[in-house]
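*Asks:* need the 3D shape of this:
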Amino acid sequence: MSMELSSDIKTEDDIYCSCLAKALYYVDTSTTVGLYAPWGSRINLLLKKVEKHITVKSERKEEEANKESTNKTRRATGKNLLLLLLYMVFYRPLLTDTQSQRQNARFIFIPFSAWQYAGSDILWAGLITTIFDAINHDFGALPISLYRAILTKCKLTKTKENKEWVTKKLCCLPYWFIALFLLLLSISLGILIAVFGFPTGEIHENAITAVETTGVALIGMSSIQILRNIVAIGKNLIISQRGKLEQMMNKTSISSKLGFMHDVKNEVKVITNFIHYMEIFERTKIRVVLQITNLDKCAPHKIGEVLDALNILLSDRDAPFISILAVDPGIIADCVERSQYLAGMADNGYAFLNRTVTLPFSMPQMDDKTKIHFLEKIVQNKDFLIDEDEYDEKEDKNCHTNEVIYNKINGTVSINDEEPQRSLLDNHAEKIQEYKSTDHCETLIRQGCKCLYTTNIHKCIADNVVQMKRITNSVIITLNLILAKKKSAKIEPEKVAAWVVLVNQWPCRLSWILQYIEDEQQKLELTNETREKKDEYKKESLLSIFEKSLDELEVIKSDIERLLELDYDPEIFQTFLSKDFPFTVQEANWYFKFTINLDHSLKRHMELLRGSNNIKYSRTSTKPAPIPLREIINMTAEDVCRKMAKLPYRKEHLEKYQAKIRQHNLHGQALVYTHNSDIKAALEMTLGDWTTFRIHFPAVEALPRISENVTKHERKVHALRYQDSQEKLLKGSSYVSMDNLQDQNRNVHLSNMHVNK
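*Replies:* Sure, this is the predicted structure:
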């Protein structure tokens with residue numbers, strides 16, 4: 001098998017598609033190929049490239065076969081179609097060793113978008129009917145109808161000879177001889193009837209009458225069989241296999257029985273035998289490649305139906321079908337596990353997918369060259385969104401002429417009147433100036449779009465064509481909004497493009513940052529901070545704001561886990577904001593006014609989570625309110641002492657508690673994450689004072705109580721696990737809930753106690 005790459009390979013995608021095409025050319029039939037790629041990752045384009053490489057290789061192999069053999073390949077068109085019909089009537093094929101060893105193959109590609117049939121009751125029936133229609137279109141309705149009428153029971157017989165066709169015989173007489181005899185008999189009988197008339201007398205009285213009667217009887221008997229075949233062919237022409245399958249589905253009493261699936265398998269078997277029959281006639285191998293796409297957009301039970309249909313197609317080892325299942329395996333596995341259609345068969349979605357897929361082929365991440373190529377093509381195709389209506393000088397002249405004529409009619413201006421002419425010239429100059437301004441806008445928009453693939457921004461864009469199109473459209477609209485509202489503003493197209501990418505790739509993290517900034521700025525206004533402090537806060541970077549809020553984000557992370565799944569790579573997020581584009585608070589506030597690709601419901605969700613502990617914060621009572629967790633986390637030990645001074649404690653008790661807080665350095669994080677009993681023991685509080693303290697200083701019991709018997713190693717494990725959970729939040733890896741963290745630490749503690757015993 002030659003593994004040389006074709007000369008038209010340009011990108012890494014081309015290399016992978018070329019290798020997959022070579023594998024599909026030589027792979028055994030009844031194979032399901034799993035083309036695995038995330039949703040939106042150029043699946044359709046990859047399938048087209050694979051199809052192109054297979055077609056090129058198939059044509060090259062056909063040319064080589066025609067050079068080596070005198071029996072050229074042929075198609076059932078024109079004269080060959082008539083020859084095929086004669087072969088079907090008078091001959092039967094033999095499977096020779098030459099046919100079995102052929103290297104040339106013809107591929108029939110059948111695209112099937114499962115999403116288009118998602119609304120039907122039986123999705124897999126759409127898959128079967130699509131195959132029937134494609135085969136009928138490729139070979140023609142007449143050969144298939146003739147085959148179904150007279151050759152459904154014809155089976156290929158293997159032979160050691162090189163003879164591919166042998167005549168059909170009836171009582172040792174070839175069919176062609178019988179047909180020729182009946183034809184000559186019909187002609188002779190017609191001549192006799194024309195000369196002597198139709199027989200009316202007794203047979204024994206007239207020899208001519210006897211001959212005519214015998215001939216009519218023979219022809220009549222043959223005509224009955226011929227008429228039956230003609231009716232069967234006509235019926236198959238009118239009612240195709242698709243129509244027959246639809247009739248079976250409409251009969252609910254039949255479709256609910258096992259016999260319905262048996263009939264479907266029989267129809268698939270007829271198609272399989274017909275393709276093998278055509279392989280011998282065309283002197284090539286024929287492969288049917290079924291390209292299944294958009295299956296990951298369907299409901300779980302629909303996915304189960306399609307996978308079940310694939311099992312029907314591939315149940316016959318001789319079936320010439322190659323199925324390419326182009327899906328996101330993560331989505332398919334999850335849907336299979338939740339499908340009632342496959343209940344009891346697919347408790348593990350990945351295991352079921354592995355049983356269905358014969359050849360898994362996972363596409364790699366898009367390399368920089370391919371990504372830049374896609375972005376460039378997408379930007380070029382968006383020119384119609386950028387271009388404005390050109391200035392039409394002829395139309396302006398017409399307007400000028402109409403205005404002069406109107407003024408003449410009303411007697412307000414003459415041709416020699418200079419003032420109106422000067423006014424028209426001024427309007428003309430304003431329109432020209434507006435046209436120049438339009439040119440400037442188009443230039444800025446084109447620069448912003450080009451920045452997506454000419455700068456490092458492309459490294460922050462996911463390998464998803466849908467996302468690329470979305471980002472490009474958002475850049476164009478955002479720049480148009482800025483130019484429409486802030487014409488005099490200094491616009492940096494690269495920064496605008498970077499902001500759009502930031503919003504699109506990390507919507508959850510950015511929504512959190514924007515809500516945090518909004519709350520902090522409101523707090524600065526309420527506390528009447530100085531202008532210098534407000535300006536200083538505006539100069540802080542978004543990354544520093546995010547890092548400051550990590551402790552609070554740790555508290556609510558279990559509520560936003562599904563939202564965090566929307567974000568792209570967390571490490572790239574950190575690099576993007578620290579090195580590539582260190583946006584500040586002031587810049588974020590400015591760009592947020594023109595942001596159209598951020599779902600504001602995400603920010604609203606963050607707002608509700610941050611304000612969930614502030615419900616009573618605005619009450620008019622003079623009693624101190626419970627302090628929000630987000631505020632407690634950022635407190636120092638001195639801040640805790642100042643807050644405690646507002647609580648209704650006795651003076652001597654308050655001084656004692658404040659001294660204990662300073663002694664143990666009980667800052668905000670310690671109050672939130674330390675077990676209640678440990679804090680109570682450290683402060684030596686009375687029951688009433690402790691109740692008051694915990695009402696105003698709520699906590700999240702993330703860690704179990706650490707007893708005195710715990711070793712230093714176990715204490716270090718607790719600390720490292722807490723630190724690891726913080727790092728995971730920053731890096732975006734899998735999150736561990738508070739309950740799981742508490743259970744894990746408690747298990748470690750109990751296991752160590754058991755070992756000590």
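
*Asks:* wasn't residue 290 part of a helix?
*Replies:* No: counting by DSSP: H, G, I helix; E, B strand; the rest coil, one finds residue 290 to be strand, located in no helix.

*Asks:* mind checking how far it is from residue 108?
*Replies:* 9 Å (Cβ to Cβ, to the nearest Å). C-betas here are computed from N, CA, C, even on glycine.

*Asks:* more neighbours: which of the two?
*Replies:* With neighbours defined as other Cβ atoms under 10 Å, residue 290 and residue 108 compare such that residue 290 has more, 22 against 18.

*Asks:* pLDDT value on the more buried one, please?
*Replies:* Turning to residue 290, the model gives it a pLDDT of 91.

*Asks:* likewise the one 5 residues further on?
*Replies:* Looking at residue 295, its pLDDT is 87.

*Asks:* with the one 4 residues further on instead?
*Replies:* On the pLDDT scale, residue 299 is placed at 82.

*Asks:* can you show me the helices along the stretch 51-200 of the chain?
*Replies:* Using DSSP state H, counting those that start in this stretch, the helices found in the stretch 51-200 of the chain span residues 79-90, 97-100, 123-139, 141-150, 175-196.

*Asks:* now do the first one, average pLDDT.
*Replies:* Right, the one you point to is helix 79-90. 88.

*Asks:* quick one: list the elements packing against it.
*Replies:* Identification of packing neighbours for helix 79-90 by 3 or more Cβ pairs under 8 Å, 6 or more residues apart in numbering; DSSP states H and E yields helix 141-150, helix 175-196.

*Asks:* and the angle for it with helix 141-150?
*Replies:* 10 degrees (axes from the mean of the first three to the mean of the last three Cα atoms, to 10 degrees).

*Asks:* who are the packing partners of whatever helix or strand residue 307 lives in?
*Replies:* In this structure, residue 307 sits in helix 300-313 according to DSSP states H and E. Here helix 300-313 touches helix 123-139, helix 258-282, strand 321-327, helix 329-338, helix 349-356, going by 3+ Cβ pairs under 8 Å, 6+ apart.

*Asks:* cutoff 7 Å now
*Replies:* Here helix 300-313 touches helix 123-139, helix 258-282, strand 321-327, helix 329-338, going by 3 or more Cβ pairs under 7 Å, 6 or more residues apart in numbering; DSSP states H and E.

*Asks:* what inclination does the second one have with respect to helix 123-139?
*Replies:* Comparing the axes of helix 258-282 and helix 123-139 via the same axes, to 10 degrees yields an angle of 20 degrees.

*Asks:* mind listing what residue 572 touches?
*Replies:* residue 460 (Cβ atoms under 7 Å, 6 or more residues apart in numbering).

*Asks:* re the thing from before, among the helices of the stretch 51-200 of the chain, which comes closest to residue 606?
*Replies:* The closest of the helices of the stretch 51-200 of the chain to residue 606 is helix 123-139. By Cβ to Cβ, the value is 39.4 Å.

*Asks:* returning to that earlier point: what's the closest of the helices and strands packed on helix 79-90 to residue 555?
*Replies:* Taking those one by one with Cβ to Cβ, helix 141-150 is closest: 67.8 Å.

*Asks:* may I see the buried residues of the helix holding residue 307?
*Replies:* Within helix 300-313, the residues that count as buried by 16 or more other Cβ atoms under 10 Å are 300, 302-310, 312-313.

*Asks:* hmm, back to that, I'd like the helices and strands packed on helix 300-313 laid out as a markdown table, including distance to residue 443.
*Replies:* Below are those laid out as a markdown table (distance: least, Cβ to Cβ, whole Å):
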| stretch | distance to residue 443 |
| --- | --- |
| helix 123-139 | 48 |
| helix 258-282 | 58 |
| strand 321-327 | 40 |
| helix 329-338 | 42 |
